[in-house]
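Visitor: Build the 3D model from these lines:
(chains A, B, C and D)
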Amino acid sequence: MTMDTPNHIPDIPQEKFKFVQLDQEIVDSAFETEPIGYFKDALIRLRKNKASVVAFYIILVISSLAIFGQDFNPYTFRQQNPERTNMPPRVPGLEKLGIMDGTTILRNRRLDSVKDPNQFPEGSVIRVFNQRTVRGVEMVDVKVDYYKLVGAEDEYYWLGTDYLGRDLWTRLCRGTRVSLIIALVSVVTNIFIGIVYGAIAGYYGGKTDMYMMRVCEIINAFPQIVVVTMFILFFGTGMFSIIMALVIRGWIPTARLIRAQFLRFKNREYVLAARTLGVGDLAIIFRHILPNSIGPIITRAMITIPGAIFSESFLAFVGLGLKAPEPSIGILLSQGQKVLLQHPYQAFAPSLMISVLMIAFNLFANGLRDAFDPTLRGQE
Amino acid sequence: MCITLFIILTIAFMVVRLMPGSVYDNPEYSIEIIQALEAKAQLDKPWIIQYFHFLKGALRGDWGVSVKIAPCVPVFDVIKQRIPITILLNIISLVISLPIGILAGTVAAMNRSRMPDHIISFLVVNFISVPSFVFATLMQYFLAFKAGWFPIVYSATAAGTAKYRSMMLPMLALSFGPIATVTRYLRGELIENLSSEYMLLARTKGLTKYQAAFRHAFRNSCVPLANIIIPMFTGILGGSLVVERIFAIPGVGGLMVESVSTSDHFLTVAVLLFYSVISLFTILLVDISYGIIDPRIRLGGNE
Amino acid sequence: MQIDSRQPILEVENLRVVFASGRGRKRIQVNAVDGVSFEIYQGETFGLVGESGCGKTTLGRTIVRLYSPTSGTIRFRGRDVSGPMTKELRQYITDNMAMIFQDPVESLNPRMTVQEIIEEGLKVRGIKDPEVRQEMVFDILSKVGLTREHASRFPHEFSGGQRQRIGIARALIVKPSFVIADEPVSALDVSVQAQIINLMNDLKSTLGLTIMFIAHDLSVVKYFSDRVGVMYYGKLVELADSGELYRNPLHPYTRSLLSAIPQPNPLTERHRETISYDPATAHDYSAEKPSLREVCPGHFVYCSESEFERYFDRQQTRASMA
Amino acid sequence: MKTGESILTVDNLSVSFRTYSGIVKAVRGVSFELNKGETICIVGESGSGKSVTVKTIMGILPPSAVIESGTINYKGMDLTKLTEEEYARIRGKEIGLIFQDPLSSLNPLMKIGRQITEALLIDKEMSKREAREAAIELLGAVGIRDPEQRFEQYPFQFSGGMRQRVVIAIALARNPEVLICDEPTTALDVTVQARILNLINELKQKRQLSIIFITHDLGVVAHMADRVYVMYAGKIVEYGTAEDIFLEPAHPYARALLASVPDMETEGRLASIPGAPPNMLHPPTGDGFAPRNKYAMQIDFEEEPPMFRISDTHYAATWSLHPSAPEIPMPDVLRERIRRMKEGGANR
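Guide: Predicted coordinates:
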């Protein structure tokens, strides 16, 4: 044990043994740190989470593509061109690297037709392979520069065109916009209904709460796909009815969340304290309870967005998407899927878009959740 | 439960009967046939009578006949032959997702904030985000078409292993999401339970870290898993609608897509009812199992 | 304490608060407060002590009408405040009574600055000028030993004791005449408890407050209060001056409670015998109904007729010995 | 005070936590010893490092904690050097631990009986049946009625005090020699607390336990302790027999602490301690209590005081014991109380 023995008393000058604060009143010192508000604190945490910062920028880029992307090239989303159907992607610059250079593979061509300069103009054939004889006819697969083949050397379809010759870049940007609008509007509506409903149920509690929650339970017992499909069957397709279909059942998780938050906070001592001071119900809801639930609400909204995007694409796949010619990511994906084996690029671009979008929203939502998590706050 | 089913039936009735145009609208039918069919289904009567007629039929299992996909065949029979493959597909997906998810979740939680956790968490975000039909599309192109490892579409006629090989991709596509869901949920639960006081007590008894983790935290974390199995199962079902179509699997999901696109409303509604019943059934099952697993609910504790 | 000038400020009569939950066969009723009567006099500190779940917090919250009484009356300065809640009654209650809460973490809204927390009561009372409010906040902050720099801070930056002082400032800025302090020190560290108790004592004399002090720590209650009521399962079982209660506890529960409190004195503490209390064996209420009876002036015990006689005799012998 | 054979010695232990905002120095050079058959109390307020100290002894620190220096000597082993497997053999078998919160320290989904037999079966010396009988006997020994029925029940069916008894039964299941009690009665009502304290003392006699008792309640200290260690800001500032600490406190913090709690006879103003405990992210230099001490001296802010010897059993780390230091008066409340105690507090 390292304890000093009695004969080991340190030698210290006498003047050090003066009382130094005998006459001072010892008070609580002011803090030296800057005051940090709730949102600032959350923002600091969020910034530390690199994945969600990246996700945030991805969302920004995609959103600006959705808004401005279709103005980058001369085509419109509904302009059809029978001469330019199913063009493979071709991007200036990138084409020199050998990707997205407008080449494609045509399978099962007669060898003689490939050699015919009327059908395959000079320089359009890049490589002939897989030569075989089928029922006495020489057949080959051929890699061609499709743009030369159809005489469109000067044109660039960044993501190619579809079966009607519509530019897919423009359609993808437009489709992303449509999907995002559907997602945002339905989520905002869901959150709004959820807050009002949940707040009433949670704040007043008792019988009101019981009946309101019973209603939720009943609605919630319908599977989402069933509700959405029936709704659209009945009201027809269209942006509004898709949004409505997503709202019908979509507000319930938010309502439950808000109710739980209200039940949790309404008996907190600070709420009781406000009541003993005579603060009214509305002020308690808006000043004391909602601000404390804002973190979970924002996180909830962020998590719901990818869900809505998913539901919209799902509907498109089932055949209940928007009416032509309006594209959405889901419609593009579903159309691309039909020609996957012949023109895979038509499915890849929307696949990539929806995946990146969903991952970005989920990552960002995760970051927000961690940033707002009250258990991390004020404990360190 | 019953109320829900009743409401679903009512909505189904409204969807079919109150929609503009005749449900029997088929260019191959003459007007007489359509009228005869309508009369048989009492569609010429006031809607309230139609409604009771419909309810009566529904309770007896008579949900009408298919109009376009399999003309004049009762929809019940159409669905019946499609059910096994769908259920098989969904159950298998669930069965493979649970252990993989549990394993991955456990590995992530036990190695919290270390490399395995980071890798698993990264995969989880991707698997949860990317829709099953995107996975299906990509796998179909790369693994089946390009690499040729699997058949491109499902082959019902193939025997033995070839059949199951053709089911591999759809099953995989359907499993990614649930695996990720289970992983994420279990990881969260485990981390919470691992840091609980009773884990400390278990360790102070003399159990090693792993014994304590397995006997206490792991067991307790698996209990609330029942909670996420309902939405997961219905989620897989939803995903299977599209995945079945992509892989041309003759299941209920594909049937619904077809019936929607051909406006075969009786069939659509019947398929939807099928989904509702399954989902209600899972809810019931989970409610019951919950009571069995958790002693606090079983014995009626008030804490 | 001057017996002469005793003016009851609060009279509670046969108060009963019942909580019900569940429906049908699962319905559970809890008599949180079960027929409690007492008075609190102007200028005194009334201590209320009991173990967790005995209904003391419910009683306090019912007096400020956070909960509604099931039956019985509460009179404040002679006015019945237990009736149906009207806007006017709410204002009367909130203007006159204030409450200090237990949990220094839970009792302050984490999204509001100290300034906002303290001035809320002023806003409700229609003090519109923010500068006036700010001055009042600074004033009360200095009274509770904090500085004006603290006003712009959020609660999580403060220590437990500081937060509790903010809670006291919030309660007192509206100038109530009656304060209910619900376990204000039990969540605090020992070294800080004294700070808060001293502060409340100072404020009590400078502001002329009447305090109802709820706690489970009998030593603190005894030190801080003029009179003490002991609660057990919703009932007030004994009520007396704090010195009298400590010297001469009559109800077996009070005796058991007193015997259980460890004192910071190793010489006596090691040999302390604890008395246990089991209501099933301690009383026989099958024949005689118990009620709160006055054994000697100011000393009430919840007992039956025969118990009363026993207590009375014991009291007499004690008095004659002294 | 008979000083027996030392069973557990902690020497110069320092433990830090890595947190979001920096390194928190929770324990800074703590030394103490536990003798066979005695009860030592470590007293201090929240954040003083007392709980971290016992968690270190038990080897159950969270991953964010680092043992920076020091040894924990138990029967010739240095516990800080053990591997997890070796530690698993010490825990429960040699040293048992009782937690603060009996509500959360039992597994809510496991029957009480199994939680006890689980401990008994670790050594593989018993059959399941024997373990069951032993567990029922243990439940009886910690004062639970109808142990056979209780064996089959779940924690939520028990009251707080009953749960703490179960935790005690688990801690004692494998007959440890040392029992560590980390604020075992803080969450309980006083009457229940009294019964649990008596139970611990009773079991101590029966099983020849040596006990480390952590608490912030000075009354509980007086009831339990043979010797007392006072902790402040991660250090032990004073230690001695219970009489030493309660009747002749030397460190200003120990004095202030004693003067700030009322007992049943306290009249007059309590001596409150101004200010707030230091933030252990930036531990104070010198005497940690100096900023809150009215009688702080220049040296208190500059240099850490060594342990001064007051008597064979009583030591305190304060410069006020230095021969050159001026006399520092005892707070009035405390002086009055000590006078009363010395006059024979047996009047209760």
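Visitor: CA only for contacts and neighbour counts going forward, please
Guide: Will do.
Visitor: all strands of the chain, in order?
Guide: Picking chain A for this. Ranges of strands in chain A, per DSSP state E, are A:103-110, A:125-134, A:137-145.
Visitor: you looked at the wrong chain, it should be chain D
Guide: For chain D, applying DSSP E gives strands covering D:6-19, D:22-35, D:39-43, D:65-74, D:77-78, D:95-98, D:178-182, D:210-215, D:227-232, D:235-241, D:308-309, D:315-316.
Visitor: Pipe those strands into JSON lines and attach mean neighbour count per row.
Guide: Below are these laid out as JSON lines (neighbours: other CA atoms under 10 Å in any protein chain shown):
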{"stretch": "strand D:6-19", "mean neighbour count": "20"}
{"stretch": "strand D:22-35", "mean neighbour count": "20"}
{"stretch": "strand D:39-43", "mean neighbour count": "26"}
{"stretch": "strand D:65-74", "mean neighbour count": "18"}
{"stretch": "strand D:77-78", "mean neighbour count": "14"}
{"stretch": "strand D:95-98", "mean neighbour count": "27"}
{"stretch": "strand D:178-182", "mean neighbour count": "25"}
{"stretch": "strand D:210-215", "mean neighbour count": "25"}
{"stretch": "strand D:227-232", "mean neighbour count": "26"}
{"stretch": "strand D:235-241", "mean neighbour count": "25"}
{"stretch": "strand D:308-309", "mean neighbour count": "22"}
{"stretch": "strand D:315-316", "mean neighbour count": "28"}
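Visitor: of those, which approaches D:Gly143 most closely?
Guide: Closest to D:Gly143 of the strands of chain D, according to CA to CA: strand D:95-98, at 16.1 Å.
Visitor: pLDDT averaged over that closest one - what is it?
Guide: Here strand D:95-98 scores 92 as its mean pLDDT.
Visitor: tell me what that strand is packed against?
Guide: Contacts defined by 3 or more CA pairs under 8 Å, 6 or more residues apart in numbering or on different chains; DSSP states H and E place strand D:95-98 against helix B:197-205, helix D:160-172, strand D:178-182.
Visitor: and the residue of the stretch 201-348 of chain D nearest chain B?
Guide: The nearest approach of the stretch 201-348 of chain D to chain B comes at D:Ile212, 15.0 Å away (CA to the nearest CA).
Visitor: can you tell me which residues contact that residue?
Guide: Contacts for D:Ile212 (CA atoms under 8 Å, 6 or more residues apart in numbering or on different chains) come out as D:34, D:39-42, D:178-181.
Visitor: can you do 10 Å?
Guide: D:8, D:33-34, D:38-42, D:54, D:97, D:178-182, D:225, D:227-228 (CA atoms under 10 Å, 6 or more residues apart in numbering or on different chains).
Visitor: how far away is it from chain A?
Guide: Noted for D:Ile212: a distance of 18 Å to chain A, by CA to the nearest CA, to the nearest Å.
Visitor: Over to C:Asn31?
Guide: For C:Asn31, the distance to chain A - CA to the nearest CA - is 18 Å.
Visitor: quick one: C:Leu172 and C:Leu207 touch, right?
Guide: Yes. If you go by CA atoms under 10 Å, C:Leu172 and C:Leu207 touch, sitting 9.0 Å apart.
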